[in-house]
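A.B. asks: Sequence and computational prediction follow.
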Number of protein chains: 2
Amino acid sequence: MASSKPTGIFPVIMAGGSGTRFWPLSRVSRPKQFLPLATSRPLIVETLARLKGLASPKHSYVVCGAVHAPMVKKALPALPKQNIIVEPQARNTAPAIALATAHVAHVDPQGIVIVIPSDQHVSDIPAFQASLEEAIAVARTGQIVTLGIHPTRPETGYGYIQVGEPLSGTTRRVGRFAEKPDRATAEQYLVSGEYLWNAGLFVFRADVMLEAFKRHMPELSQALDVVRASLGTKKEAAVVRREFPKMPATSIDYGVAEKAQNIAVVPSQCGWSDVGSFNALPEVRPADADGNVSLGGPNFLIDSAGCVVVGKDTPIAVVGMKDVVVVDAGDAILVMPKDKSQDVRKVVEALKAKKLTRYL
Amino acid sequence: MASSKPTGIFPVIMAGGSGTRFWPLSRVSRPKQFLPLATSRPLIVETLARLKGLASPKHSYVVCGAVHAPMVKKALPALPKQNIIVEPQARNTAPAIALATAHVAHVDPQGIVIVIPSDQHVSDIPAFQASLEEAIAVARTGQIVTLGIHPTRPETGYGYIQVGEPLSGTTRRVGRFAEKPDRATAEQYLVSGEYLWNAGLFVFRADVMLEAFKRHMPELSQALDVVRASLGTKKEAAVVRREFPKMPATSIDYGVAEKAQNIAVVPSQCGWSDVGSFNALPEVRPADADGNVSLGGPNFLIDSAGCVVVGKDTPIAVVGMKDVVVVDAGDAILVMPKDKSQDVRKVVEALKAKKLTRYL
């Protein structure tokens, strides 16, 4: 097995998301990855910084929508601007990864690609990098490697990876990918010790993934071949615009990972959080003695516990409340129970229904 | 008994309050009576308007602190500016009423004074005026008359008036004034039908009240005599500044009403509310089918019931909440359970402790 080196390693930061779960902080024009949720810097900035020493920003790519490309450029000044890969449209992760893999293969056919979501948080960066180092080493041998996060609760919002036979080091073959479970199943998964969270993090050789697309997603592979032939030519942009919509709008999990035989998982305990909603902020931000997380402000939490309060410049006073989320985005305010964080989409729907697009 | 006439009737609107129970809407510089809580107009504006047809704004007085005099002038343009009586300092209601009574007696020794708080709401104005008409008629005979509000709940936050023997019409002698009761006592009061809420509303002849001060508050009466002699002279302001602080800082209830023999009560059902806290807004503002009161906005109340939401220009989304108060004053935000409305003072204390005076 070849040892991993900083050269030939190409992070691909996936920034195509446009979630609404952080409304009113997140907007169409300012999705989650651009918000300073876990630290004082936007999640996407931390994502690139997290790879420091492992890969160079010069070799890093970001895949995003056209409207967000200027924000990426501004947020990540160390990234060469030609490394911002614009998706002509949002078509789930397989086409986005295919496009990025084509770019890497164009530069370095056996280059190692690290696919990494732009909107997650990791608290233990040395542990994270150690996991990636191991994943890179295994990927060099021709495996598609995913990071599997040791679950800490019976989470029903994530997909799971059942570990299989040992492969090398701590790396295991993948037993199977499991869909988001119900509560009882999630509890079984947790107790069994055999299931890891699927964090959407993949490490592979570019040529290995191109081969996997050919085998498991032939329609995508055909369009991708046309794109690859155009890379670096004057036709590139027009070809991408034409071919990208032909690629099936499928996740890399469903399209490739669940079907491939050469798929492995590196179990990782690196303080990972997907920062999925306001409810997750206490995972990534320090709380006071009463379990309150307060950002911005000055905020006043009085006789209150388990609350998440995010202010802008205006002070927020929360008195006698338990487990609520209070968010002031400056031009819109949200109050909801912490465990109903998913319901924020109902506000977004109501705003759409009333055509109050300025708040979307 | 003489019939009541618009002439010789002098409303005295008590606007010395500086409550904090409507923080962040109410501030030191903008107390409750200047807020449009019950309607789209400030409570003090509604208070004067409520007397239309019964008394003229030209014969109406307002007692307030020096800092609020300009706001009174602006809010009540129909009031002659010399009818704004400035208290040199806040000394409870007896000195304020004494000062106003001296002014009325100076103009019309047997003039009828209607003492009326500036920060209450009345929904049934014809009923209110009918009660006042009766009170005025009784006051002309030499009684000090208070309006007693039929209680609608076992309220522990108000003083009560026990009704005594019938006097004339619906008017009763006062049995006794009762302090704020505990819950069990309040429930007995409610069931008995013998107790009315003390609304702080008094009707009396100026000469009768001066006589009552002489008998029951001789120290106040002495200082008041000095003030009365100065009224209309160049010395007036200096004399008031010197004599007013000599008057005991006592309520009119304790200083006079509880001691006087010539005290009567007109029971009234006029949709009265003291608008005592955010919790009281559903008494005075229309609620939606789920019992939510929403002011300002556009606000979005989703899966929520019994909430009071007061917005400014910024939309407030309240999702899945029950019985909470959410208030955005533009420069400060409050979230608290509706039944903890009294605890808003804790925020004011915290702001004071942190010397954040701009939010007080």
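C.D. replies: That came through fine. Residues are numbered from 1 along each chain as shown, chains lettered A, B, ... in the order given.
A.B. asks: residues making contact with the strand or helix carrying A:Val309?
C.D. replies: Take DSSP states H and E as the rule and A:Val309 turns out to sit in strand A:308-310. The contact list for strand A:308-310 (CB atoms under 8 Å, 6 or more residues apart in numbering or on different chains) reads A:25, A:278-279, A:281-282, A:292-297, A:299, A:301, A:316, A:318, A:324-328, A:338. Just so you know, the C-beta spots here come from the backbone N, C-alpha and C atoms, and that holds for glycine as well.
A.B. asks: ditto for stretch A:268-276
C.D. replies: For stretch A:268-276, the external contacting residues (CB under 8 Å, 6+ apart) are A:21, A:32, A:37-38, A:43, A:117, A:119-125, A:127-128, A:131, A:147-150, A:157-158, A:197, A:199, A:280-281, A:283-284.
A.B. asks: Just the ones of those residues in helices?
C.D. replies: A:43, A:125, A:127-128, A:131, A:281, A:283-284 (DSSP state H).
A.B. asks: Of the residues you listed, just say which sits nearest to chain B.
C.D. replies: A:Leu281 (16.5 Å; CB to the nearest CB).
A.B. asks: contacting residues around the closest one?
C.D. replies: Contact analysis of A:Leu281 by CB under 8 Å, 6+ apart lists A:37, A:275, A:293, A:295, A:308, A:310.
A.B. asks: unless I'm mixing things up, the fourth one is touching A:Cys307, no?
C.D. replies: No: in this structure, A:Leu295 sits apart from A:Cys307 without contact. The criterion is CB atoms under 8 Å, and the distance is 11.4 Å.
A.B. asks: if we can go back for a sec, filter the contacts of strand A:308-310 down to just the buried residues.
C.D. replies: A:25, A:278-279, A:281-282, A:292-297, A:299, A:301, A:316, A:318, A:324-328, A:338 (16 or more other CB atoms under 10 Å in any protein chain shown).
A.B. asks: burial count for A:Glu87?
C.D. replies: 20 (other CB atoms under 10 Å in any protein chain shown).
A.B. asks: Which strand residues bridge it?
C.D. replies: Beta-bridge partners recorded for A:Glu87 (DSSP bridges): A:Gly65.
A.B. asks: Wait, it touches A:Pro245, no?
C.D. replies: No: using CB under 8 Å, A:Glu87 is not in contact with A:Pro245; the gap is 10.2 Å.
A.B. asks: Find the residues that touch each one of those two.
C.D. replies: With CB under 8 Å, 6+ apart, A:Glu87 and A:Pro245 have no common neighbours.
A.B. asks: re the thing from before, I'd like to know which of the contacts of strand A:308-310 are part of helices.
C.D. replies: Counted as lying in helices by DSSP H, out of those, are A:281-282.
A.B. asks: Within range of chain B, give me the residues from the stretch 1-150 of chain A.
C.D. replies: Residues of the stretch 1-150 of chain A that fall close to chain B, judged by CB under 8 Å from any CB of the partner chain: A:23-24.
A.B. asks: Just give me the residue right at the centre of chain A.
C.D. replies: A:Pro117 (2.2 Å; CA atoms, centre = their mean).
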